[in-house]
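Chemist: based on what follows, work out the 3D shape:
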Amino acid sequence: KALALQHLQQGGKALAIGRESNPETLWNNPALYPMIFPWLFPYGLGGLSLSFHKSKISDNTRKHLMLMYYDKRFQLDETFALIAFNHEQIKSATTSGFLMTKRSNFSSIISRLFSLNCDILNDIVYRLHSGQMVSPVSEGEKECFQLMRDLDIIGRDVKGSLTSKRHMRNEIWSLITFKGAPSWYITLSPSDEKHPICLYYADTNEKFEPEILSQSVRRRLVSSNPVAGARFFHLMVSMFIKHVLGHQLSSDNGIDCQYPRGFYGKTEAYYGTVEQ
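Modeler: Have a look, this model is predicted:
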């Protein structure tokens, strides 16, 4: 902020970004990303939802390819990965979100929704948002709370949603029912800023040289490239499952690599999650 103020006080110029009266849509808009990131798309081309990509390659695959671009411009951008992920979450919540309730409430839930007092509901939302403890007192508040108890918001394909966690919990219980209780609980925390593979992923040099970097340089490299940290974590977990657990996995060339036993014996099954 101090540098920006000094720049303006010395007569420096600033670029004003205008906007249209109507917001841009996230759906089928090839010009959206070139407009948001003109420094990443200098020719105004190469966005998402292109007509010749329809039914051939998805937007998520295109984002993956952009993040793996050879010069790492998309990886090193401070906002591209976050905005791309937010757009994916918004689209998933819009297309796969719906309300669910018990069958016994089908006949009454619609009339209760139409007769709900929106002013009371907005007041409850405001008080909850401000951190207050809200207990229903009036009849209108009790109706709002009872309606929230009877309705369940489902986000089937939204990553990190309560529904996705519920599905994972069901998978874990199904696996326990099929294979039995787990024998080992293993927590794996790879140190990205100390591993040369992650530092190579984060750096822009094509040739790997085993240089001993200072701690500040290593932290700066890893923190400026979250894609490198994600790739490194995926590599470490995959290698752990393949070599330490000895579980059967398909290699990159399509040939199954099977080890009879891992470090903990023969692995019948495993289930892994990432902490949030």
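Chemist: outline the domain layout of the protein.
Modeler: Residue ranges for each domain of the chain read 15-95, 102-150, 182-257, as given by automatic domain parsing.
Chemist: can you give me the end-to-end distance of the longest one?
Modeler: So the one you mean is domain 15-95. Using C-alpha to C-alpha, to the nearest Å, the span of domain 15-95 from its first residue to its last is 37 Å.
Chemist: now do the helices in the stretch 1-150 of the chain.
Modeler: 2-9, 32-36, 59-67, 73-76, 80-96, 106-114, 118-129, 139-150 (DSSP state H, counting those that start in this stretch).
Chemist: nearest to Glu206, of those?
Modeler: Closest approach to Glu206 among the helices of the stretch 1-150 of the chain (C-beta to C-beta): helix 73-76, 14.4 Å. C-beta coordinates here come from the backbone N, C-alpha and C atoms, glycine included.
Chemist: which other helices and strands contact that closest one?
Modeler: helix 59-67, helix 80-96, helix 226-239 (3 or more C-beta pairs under 8 Å, 6 or more residues apart in numbering; DSSP states H and E).
Chemist: give me that answer again for 10 Å
Modeler: If contacts are counted by 3 or more C-beta pairs under 10 Å, 6 or more residues apart in numbering; DSSP states H and E, helix 73-76 sits against helix 59-67, helix 80-96, helix 196-202, helix 226-239.
Chemist: could you dump those helices to TSV with mean pLDDT and mean neighbour count?
Modeler: As requested, the helices and strands packed on helix 73-76 are arranged in TSV below (pLDDT from 0 to 100; neighbours: other C-beta atoms under 10 Å):
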stretch	mean pLDDT	mean neighbour count
helix 59-67	90	16
helix 80-96	86	15
helix 196-202	89	20
helix 226-239	91	16
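Chemist: with distance to Ser138 added, can I get the ones you listed in CSV?
Modeler: Formatted as CSV, the entries for the helices and strands packed on helix 73-76 read as follows, by distance: least, C-beta to C-beta, whole Å:
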stretch, distance to Ser138
helix 59-67, 47
helix 80-96, 32
helix 196-202, 57
helix 226-239, 48
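Chemist: so which of these gets nearest Gln9?
Modeler: Distance to Gln9, taken as C-beta to C-beta, is lowest for helix 80-96 among the helices and strands packed on helix 73-76, at 31.8 Å.
Chemist: between the closest one and helix 226-239, how big is the angle?
Modeler: Direction vectors for helix 80-96 and helix 226-239, defined by axes from the mean of the first three to the mean of the last three C-alpha atoms, to 10 degrees, enclose an angle of 70 degrees.
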